[in-house]
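[1] how does the following fold in three dimensions:
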Amino acid sequence: MARYLLRRLAFLAVSLALASVVLFVLLRMLPGDPANALTAVGAGPEQIAAARHSIGSDRPLPEQFTHWLGQLASGDLGTSFVSSLPVGPEVTARLDVTVPLTLAAFVLAVLVAVPTGFVAAYKRHTWYGALLSGVSQLGIAIPVFWLGMILIAVFALNAGWLPSGGFPQDGWSDPAEAFRALVLPVVTIALVMSASLIRYVRSATLDVLGSDYLRTARALGSSFGRALWRHGLRNGAVPVISVLGIELASTLLGAVVVESVYALPGLGSLLATGIAQHDYPVIQGVLFVSTLAVLVIGFVADLVQRIIDPRLRGRLSGGAR
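    Next up is the predicted model:
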């Protein structure tokens, strides 16, 4: 296990290094000049050149990349071209919104999808089993921004039960208000995510219900519930855990849409602002943190799979990945 962890951590470090190179190069290939965000409309060549020099964009790309890597090595995400403020504290402040939003939506989606997907598989020959499968298919086709606008119209504008958007300026100092601000965004993400997860849970459950080991356990005298709990749960959980990791990572990356719909000051809105202003340090900081989070989520999901599946642990002890 120790060798596996070291190998996976080394893979994570290499992946993060490669991602930083790709991120840096792609940003410099985008059209637009970050110096334009620092100068007035109609600025002359001398003013633009001075702006480029002040932010260092006139230096050779290898020198800029080396400087950025040095900052990352010291835990510094750089300084915003536009606001001249450190990017790190700004990203941290935005995570106070994005992380609770993502985790709460993820937990709610799992709580809805797991029992629903099981019932859809176990009762697949009944009308309500077919209905659950059909509703999940419909949920996958619904755009998240459209669902968000529908929920705003129903529960905020018409009923007036919840705010239509925004987040308290003092953050989580008033947890009740912060929670109310996140209810609709969390439900929006959770509904779309659970629709996708229901399909995977249903598929994994069908594989377990049709497995030889479950029939053998029943033939040896185990009740259906006991056989499913002792033999089916782990086998069915392995592919679902992989999907859960992917869904959690994609939700974190896709939060920009929901945060835009609900005007939430999270990582998504910070990234959108950075892109509009060609603020390279902000864009790099947000994407670097997001990439790191995705890699860590994948690492944890893979580790959990190996812990619960004896076959993967056997491969691990035998030296195969």
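[2] going by C-alpha atoms from here, please, whenever you check contacts or count neighbours.
    OK.
[3] shaky segments in the protein?
    For the chain, the stretches flagged by pLDDT under 70 are 1, 37, 39-44, 212, 224-225, 230-232, 234, 309-321.
[4] would you map the helices across the stretch 1-150 of the chain?
    2-29, 45-55, 61-73, 87-122, 127-141, 144-151 (DSSP state H, counting those that start in this stretch).
[5] and the ones you listed: which comes nearest residue 203?
    Go through the helices of the stretch 1-150 of the chain one by one with CA to CA and the one that ends up closest to residue 203 is helix 87-122, at 7.3 Å.
[6] what residues of the closest one count as buried?
    For helix 87-122, burial by neighbour count (16 or more other CA atoms under 10 Å) applies to 87-88, 90-91, 94-95, 97-98, 101-106, 108-110, 112-114, 116-121.
[7] now stretch 73-92: buried residues?
    Within stretch 73-92, the residues that qualify as buried by neighbour count (16+ other CA under 10 Å) are 76-82, 86-88, 90-91.
[8] just flag the most distant two among these.
    Using CA to CA, the buried residues of stretch 73-92 reach their maximum pairwise distance at 76 and 82, which is 17.1 Å.
[9] name the helix or strand for the nearest residue to residue 102 once chain neighbours are set aside, please.
    What sits nearest to residue 102 in space, not counting adjacent residues and going by CA to CA, 6 or more residues apart in numbering, is residue 252, at 6.0 Å. Assigned by DSSP states H and E, residue 252 belongs to helix 233-253.
[10] give the next helix or strand downstream of that helix.
    Under the assignment DSSP H and E, the closest C-terminal helix or strand after helix 233-253 is helix 255-261.
[11] how far off centre is stretch 66-76?
    Centroid displacement of stretch 66-76 relative to its chain, using CA atoms, centre = their mean, to the nearest Å, is 25 Å.
[12] oops, could you answer that again for stretch 113-125 instead?
    When C-alpha coordinates are averaged (CA atoms, centre = their mean), stretch 113-125 and its chain have centres 26 Å apart.
[13] go on, stretch 268-285?
    Distance of stretch 268-285 from its chain centroid, counting by CA atoms, centre = their mean, is 18 Å.
[14] likewise stretch 185-196?
    Mean C-alpha position of stretch 185-196 versus that of the full chain (CA atoms, centre = their mean) differs by 13 Å.
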